[in-house]
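Colleague: Just a sequence and a predicted model for now, questions to come.
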Amino acid sequence: MPAARTLIDLSHTVAHGLVTYKGLPAPIICDYLSREASRQHYAPGVEFQIGKIEMVANTGTYLDSPFHRYENGKDLSQLELKKLANLPAIKITAQHKQAIDVSCFPRNENLAGKAILVETGWSRNWNTPQYFEGHPFLTEDAAKFLADRGVALVGIDSHNIDDVQNLRRPVHSILLKQEIPIVEHMTNLAALPPKDFALFAVPVKVKGFGTFPVRAFAIL
């Protein structure tokens, strides 16, 4: 038998009341049909729970498709699985640096078709007030570099891949224009090696949506 491969979870847990992005509402998670209420519909001893969730798309660890930024861009239902699943991946370590510029990325390595994950360590502040203030982000030149190299996807373990003070949102604009999905609010990137792993970050196939949570994980 082939050797067992290691799965690394790279996603935050979505829970009732979780605030992912300041100013956006937290998810409301509850029963639509409770186990107690369901008993009247089934044989004795049989019960089910049907859950209900109300949330904005930008909740937890999520993926942005081009439609998130561009009206005519591909929405979640139009994304190809080959751009989201089993992607050869590279991790870039950029801790203790807020503006992550082009100097942080390898120039002599073929990045085409690969997922680039940027480890900043900022996920240590998840679910605290500090998470929203002074977070690390990619610069415009870094986004241009990655787009020019033909990467498949870019992920980061921070509050936003853009500097939220820059209302132009150049990183989102550049990457999504080139149909390069973005995964934000990742976690546990320290558990990954620099290379030789595959990334999976597949959202629900929703028409007319640009963003949705993913259960991002890596296979080593």
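Modeller: Yes, it's here.
Colleague: okay, how far is it across stretch 99-115, tip to tip?
Modeller: According to Cα to Cα, to the nearest Å, stretch 99-115 extends 20 Å from its N-terminal end residue to its C-terminal end residue.
Colleague: could you pull out the helices for the protein?
Modeller: Read by DSSP state H, the chain holds these helices, from start to end of the chain: 35-38, 140-148, 170-177.
Colleague: Output these as TSV; include the columns mean neighbour count and distance to V102.
Modeller: All C-beta spots, glycine's among them, are computed from the backbone N, C-alpha and C. Compiled in TSV, those are given as follows (neighbours: other Cβ atoms under 10 Å; distance: least, Cβ to Cβ, whole Å):
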stretch	mean neighbour count	distance to V102
helix 35-38	12	54
helix 140-148	19	5
helix 170-177	20	12
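Colleague: Reformat the ones you listed into a markdown table and put distance to L117 next to each item.
Modeller: Formatted as a markdown table, the helices of the chain follow (distance: least, Cβ to Cβ, whole Å):
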| stretch | distance to L117 |
| --- | --- |
| helix 35-38 | 39 |
| helix 140-148 | 12 |
| helix 170-177 | 14 |
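Colleague: mind putting those helices in CSV, mean pLDDT and distance to L192 included?
Modeller: Written out in CSV, the entries for the helices of the chain read as follows (pLDDT from 0 to 100; distance: least, Cβ to Cβ, whole Å):
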stretch, mean pLDDT, distance to L192
helix 35-38, 97, 39
helix 140-148, 98, 18
helix 170-177, 98, 21
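Colleague: Identify whichever of those helices lies nearest to A198.
Modeller: Each of the helices of the chain was scored for nearness to A198 using Cβ to Cβ, and the closest is helix 140-148 (18.5 Å).
Colleague: How confident was the prediction at the most centrally placed residue in the chain?
Modeller: In the chain, the C-alpha closest to the average C-alpha coordinate belongs to V183, at a distance of 2.8 Å (Cα atoms, centre = their mean). With respect to pLDDT, V183 scores 98.
Colleague: How about the contacts made by it?
Modeller: Under the criterion of Cβ atoms under 8 Å, 6 or more residues apart in numbering, the contact partners of V183 comprise 61-64, 153-156, 201, 214, 216.
Colleague: same question, I8
Modeller: Under the contact definition (Cβ under 8 Å, 6+ apart), the residues listed for I8 are 188, 191-192, 197, 217-220.
Colleague: Can you say which two of these are spatially most distant?
Modeller: Spatial extent of the contacts of I8 (Cβ to Cβ) is set by the pair N188 and I219 at 13.8 Å.
Colleague: of these two, who's got more company?
Modeller: Of the pair N188 and I219, N188 is the one with more neighbours under other Cβ atoms under 10 Å, namely 17 against 13.
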